[in-house]
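Asker: structure for the following, please:
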Amino acid sequence: MPFEWFVALRFLREGRLQTLLIFVGVGVGVAVMVFLTALIDGLQASLIKNTLTIQAHVVIRPPEEEARVLATPAEPVAARVKKRNQRDRTLDQWPLALAAATQVPGVEAAAVTVAGSAFATRGNASRSIALRGVEPESFTRVIAISDRMQSGAFRVLGDETVVGAELAKDLGIRVGDKIRVSSSDGRADVFVVAGVFDLGNKDVNQRWVFVSIRAAQTLLALGRDVSTVELRVTDPFQAETIAQEVAARTGMVSESWMTLNRQLLVALSSQSSSSYMIQFFVVLAVALGIASVLAVNVAQKSREIGILRATGTSTCSILGIFLVQGGIVGVVGAVSGCLLGTRALFRWARHQPGRLAHLPGPAGRGADADRLRHRDRRRAAGGGDPCAAGRAARSSDGDPQWLRRPRRPSSASRRWSRTTGPRWSRPCCAVCRSTSTPGSSPRSSVPPAPARARS
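Answerer: Next comes the predicted model:
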């Protein structure tokens with residue numbers, strides 16, 4: 001072992017309490033950084049993912065109509081040009097625009113859509129809707145709506161339609177029912193509900209209705225024209241650059257999701273700035289703590305330094321001793337902080353199963369899997385005890401026999417509790433662990449042992 005390392009470890013062993021406190025301080029600071037970074041990054045990724053679930057990365061639409069001055073007056077006047085009322089317009093020569101957009105580097109998929117306002121009626125109930133005519137094959141490559149189906153399937157062929165969950169609740173319809181869709185100029189048609197989707201947005205679930213592109217063109221009297229061309233790109237954060245290139249090639253208005261959700265990006269940027277500020281002050285506090293401990297240690301070891309100098313130790317070696325000491329404190333504190341922060345993140349994810357699907361890594365995936373499994377077991381139980389249904393279905397999950405029928409421990413290892421039941425019982429999932437009431441045992445039905453009377 002080198003001389004500097006031997007003396008540095010000797011100094012650390014002498015002041016054990018002081019060394020332990022600095023290790024704890026550095027570890028807590030690093031744990032806070034790890035926890036906040038993972039939490040904020042996961043939250044931002046979840047918000048962006050949920051935003052991109054209900055809209056395309058780039059949308060090509062026709063330019064807005066502008067008022068034109070018919071004649072130039074001879075004398076200067078203070079004119080006020082009023083913006084024209086915008087009507088439903090279509091893309092001119094949309095096949096050329098579609099072909100030009102798909103040739104832009106970075107574009108993965110493209111789909112044409114027909115959009116307009118209409119009314120959905122069933123019986124005496126009527127709701128205003130946003131009618132969208134799409135081609136299922138191309139549209140599902142742009143927006144993965146097939147993965148968000150609540151019931152049925154995403155089929156919009158012929159007279160089939162797909163509606164949102166909120167609209168289905170308002171009109172009282174299910175898969176297989178019929179609804180009447182009418183436009184503002186009196187055209188109407190009857191469609192059969194083929195599926196119900198849930199995109200996680202109440203307004204979208206309440207207004208969007210998908211039909212075939214030909215049926216939408218007929219209801220909105222658009223002929224063979226389309227309203228927009230929607231694109232999906234490889235890197236969503238390069239959507240603004242791709243949108244500018246698409247606009248230059250097609251001559252149409254091209255808007256990215258970053259332009260349409262500018263307030264969301266500003267909020268995420270502010271959140272990132274606050275996170276960086278917190279991390280900066282945590283790092284500064286940890287660095288000042290290590291520096292102050294080293295300064296105090298140098299002052300306390302003045303006699304030892306004098307002895308080392310008297311025995312012929314060079315100044316560089318003495319400086320190396322304290323540098324090695326600070327490095328050991330930093331490395332041990334960083335490793336322990338990373339472990340502590342990861343452990344805290346997993347424990348928090350375990351007690352928040354329905355809210356942490358956005359966390360990166362197995363923490364979010366495990367919480368989301370437990371939540372979905374618990375929901376399926378509750379549905380199988382008819383709204384009753386989900387753990388009972390889970391115990392009955394454990395054989396289909398592939399659990400071994402010793403999990404389905406837990407063994408009773410020996411009397412020496414059996415520990416009972418009047419409030420929580422037997423310690424050796426295990427819940428069937430993380431949701432049951434967080435929602436089980438005191439005195440209940442999801443895995444075992446063995447009653448607690450009676451209290452023995454004192455002699």
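Asker: list the buried residues for stretch 46-53?
Answerer: By neighbour count on 16 or more other CB atoms under 10 Å, the buried set for stretch 46-53 is 46, 47, 48, 51, 52, 53. Quick note: C-beta positions are derived from backbone N, CA and C, even for glycine.
Asker: any idea of the mean pLDDT for that stretch?
Answerer: Across stretch 46-53, pLDDT averages out at 79.
Asker: which residues are contacting stretch 300-316?
Answerer: Residues from elsewhere that reach stretch 300-316, judged by CB atoms under 8 Å, 6 or more residues apart in numbering: 7, 11, 15, 298, 317, 318.
Asker: equivalent analysis for stretch 228-248, please.
Answerer: Residues outside stretch 228-248 that contact it (CB under 8 Å, 6+ apart) are 48, 52, 56-61, 91, 94, 97-98, 100-101, 104, 106-113, 115, 139, 141-143, 252-259.
Asker: take those residues and, keeping just the buried ones, write it as a ChimeraX select command.
Answerer: If you want just the buried ones from the contacts of stretch 228-248 in ChimeraX, going by 16+ other CB under 10 Å, the selection is:
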select :48,52,56,57,58,59,60,61,91,94,97,98,100,101,104,106,107,109,110,111,112,113,115,139,142,143,252,253,254,255,256,257,258
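Asker: in strands, which of the contacts of stretch 228-248 fall?
Answerer: 58-61, 107-113, 115, 253-256 (DSSP state E).
Asker: by neighbours, which of the contacts of stretch 300-316 wins?
Answerer: residue 7 (21 neighbours; other CB atoms under 10 Å).
Asker: contacting residues for residue 121?
Answerer: Contacts of residue 121 (CB under 8 Å, 6+ apart): 127, 179, 180, 181, 182.
Asker: can you flag the buried ones in those?
Answerer: Burial by neighbour count, judged by 16+ other CB under 10 Å, picks out 127, 179, 181, 182 from the contacts of residue 121.
Asker: confirm that the third one sits in a helix.
Answerer: If I follow you right, that is residue 181. No. Read with DSSP: H, G, I helix; E, B strand; the rest coil, residue 181 is strand and lies in no helix.
Asker: I'd assumed residue 175 was in contact with residue 163.
Answerer: No. Between residue 163 and residue 175 there is no contact under CB atoms under 8 Å: 9.7 Å.
Asker: who has more neighbours, these two?
Answerer: More crowded of residue 163 and residue 175, by other CB under 10 Å: residue 163, with 31 against 17.
Asker: who's in contact with the helix or strand encompassing that one?
Answerer: Per DSSP states H and E, residue 163 falls inside strand 160-164. Outside strand 160-164, the residues that touch it by CB under 8 Å, 6+ apart are 120, 145, 152, 154-156, 171, 173, 179, 181, 191-199, 204-212.
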